[in-house]
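**Q** Dropping the sequence and predicted coords here.
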Amino acid sequence: MFDGGYQAARHLIKNGHEHIAYMGNSKDLSTWRFEGYQKALRDYGMEENKRLAFPNLNTEVEVFQVMDKMMAEEVPPTGIVVANSFPIVPLLKYLNAHNIVIPKELDMRIQQEIQKSRKRQTKKAGGSHSFKRMIHAMEAAAATVCVFFTLALNTSQVFAAEAAQLPVIGGLARVLTFRSYETEKDDIEVSVEIPTIEMIAEDTGLKVDEINQEILDCCNQYADEAMQRAEEYRTAFLETGGTLEEWANHKIKITVGYEIKQQNNDYLSFVVRGTENWTNAYNESRFYNLSLGTGEMVTLKDMLGSDYIELVNESIREQIAERRQEGEVFFTPEEGGFTGISKETKFYINEKNRPVIIFEKYEIAPGSSGEIEFEITGGV
């Protein structure tokens, strides 16, 4: 959760903002997010202005008061990192009352999410709720959608264009970087970026804590074991006559990272990878495909029906035949090539909400082909 504050501040910094404020509430994980905000400023050589940092706001009046203070500064902030849900609604009230313009693209994004939240809240509200209580609940739900949102207080075209790309994913869930670091020891570079699933809506059924812990453990374990393998390689290299200069020229690197394949109102699909650039033997890829409707991991059977194995096998064989005619090389079954999928076959969900079957390097084709993918159509 540290990285949410870091990413929000970095987003503003990269878009030219030099005076960035922070608003948070003492509840939830705001403390971690504040530390992320502070680290981003340090990493980019910016000095934290204590007069623009307010991590313990607890009332609407306090939000109004600190906004008055900040806007009275000789150089007021041009952007605000809002760490959690509470400050959003009073902040928007203040901006509106003082005619401070939010870039059009960002305002449109906020209003769309508020409307979605109101619709969800209306369905949940019972007949015994008073009108005021319902409005209050709607405001709270709308604010939750804006967690980690970055607000700009100017109308620069650069920020306006970037604002439309901020990762508010269907008001339900999104993938963020939980922790990232780079280090080097004995001319062995290590680059790690660990993802986490951040929930925006609370009613999806996803057990994100368990999944996030699994991802964290797997990433840390891979990085540790890869470092041990690299150290053993280095020892063997030097003991067999290699020099330190020759070792440095190997440019050994361990990388742990992730790639988002799809995130919308239906699915969250991403892959976590670990690679070692001197060998393919230990490279690992773990695919996570989650349904935001059921809160469960999605299987090929869920997407394609009970006959999914036959359907996928037929589709892959047809695609291999077509690609061979175009000059692509695949191993024959006798050479260890494709013979059929299993329940453990890896896949992700693409932007068309279709499963894409993945075969690792050397699995069904020469290594020069890299990973092989097959999009599957049909099914339920």
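**A** Structure received.
**Q** hey, let's count contacts and neighbours off CA atoms from now on
**A** Will do.
**Q** If we go by neighbour counts, what in the helix or strand where Asn280 lies is buried?
**A** Here Asn280, judged by DSSP states H and E, is contained in strand 279-291. Across strand 279-291, burial judged by 16 or more other CA atoms under 10 Å covers 283, 286-291.
**Q** ok, now stretch 323-333?
**A** Those would be Phe330, for stretch 323-333 by 16+ other CA under 10 Å.
**Q** Just to be sure, Asn265 is in a strand?
**A** No. Under DSSP: H, G, I helix; E, B strand; the rest coil, Asn265 falls outside any strand and is assigned coil.
**Q** so how many other residues sit close to it?
**A** By the criterion of other CA atoms under 10 Å, Asn265 has 14 neighbours.
**Q** Look up the pLDDT of it for me, please.
**A** Asn265 carries a pLDDT value of 82.
**Q** My understanding was that it contacts Leu290; is that so?
**A** No. Under the criterion of CA atoms under 8 Å, Asn265 makes no contact with Leu290, lying 10.9 Å away.
**Q** Other residues contacting the strand holding Asn280?
**A** 266-276, 296-299, 346-349 (CA atoms under 8 Å, 6 or more residues apart in numbering).
**Q** Narrow those to just the buried residues.
**A** Counted by 16+ other CA under 10 Å, the contacts of strand 279-291 give 267-276, 298-299, 346-349 as buried.
**Q** Out of those, list just those in strands.
**A** Among these, the residues falling in strands (DSSP state E) are 267-276, 347-349.
**Q** Pick out whichever of those sits closest to Leu244.
**A** Glu276 (19.6 Å; CA to CA).
**Q** pLDDT score assigned to the closest one?
**A** Looking at Glu276, the pLDDT reads 95.
**Q** Distance of it relative to Leu216?
**A** Taking CA to CA, to the nearest Å as the measure, Glu276 falls 19 Å from Leu216.
**Q** Which residues are in contact with Glu335?
**A** So Glu335 contacts nothing (CA under 8 Å, 6+ apart).
**Q** Repeat that for the one 4 residues further on.
**A** In this structure, Thr339 makes contact with Pro333, judged by CA under 8 Å, 6+ apart.
**Q** That one falls within a strand, correct?
**A** No. Going by three-state DSSP, the assignment for Thr339 is coil, not a strand.
**Q** Select the longest helix from the chain.
**A** Criterion DSSP state H: the longest helix present in the chain is helix 208-239.
**Q** and that helix, what other elements does it pack with?
**A** strand 188-199, helix 244-249, strand 252-263, strand 267-276 (3 or more CA pairs under 8 Å, 6 or more residues apart in numbering; DSSP states H and E).
**Q** hey, which of the ones you listed is tucked in deepest?
**A** strand 267-276 (a mean of 22; mean count of other CA atoms under 10 Å).
**Q** just checking, what packs against it?
**A** Judged by 3+ CA pairs under 8 Å, 6+ apart, strand 267-276 is in contact with helix 208-239, strand 252-263, strand 279-291, strand 347-349.
**Q** That strand: how far from the chain's middle?
**A** Relative to the chain's own centre, strand 267-276 is displaced by 11 Å; criterion: CA atoms, centre = their mean, to the nearest Å.
**Q** Can you pull out the low-pLDDT segments for the stretch 151-300 of the chain?
**A** When residues are selected by pLDDT under 70, those of the stretch 151-300 of the chain lie in 151-173, 199-206.
**Q** Surely Leu52 and Met70 touch.
**A** Yes. At 6.3 Å, Leu52 counts as touching Met70 under the criterion of CA under 8 Å.
**Q** Need the overlap of contacts for these two.
**A** Joint contacts of Leu52 and Met70 (CA under 8 Å, 6+ apart) are Pro77.
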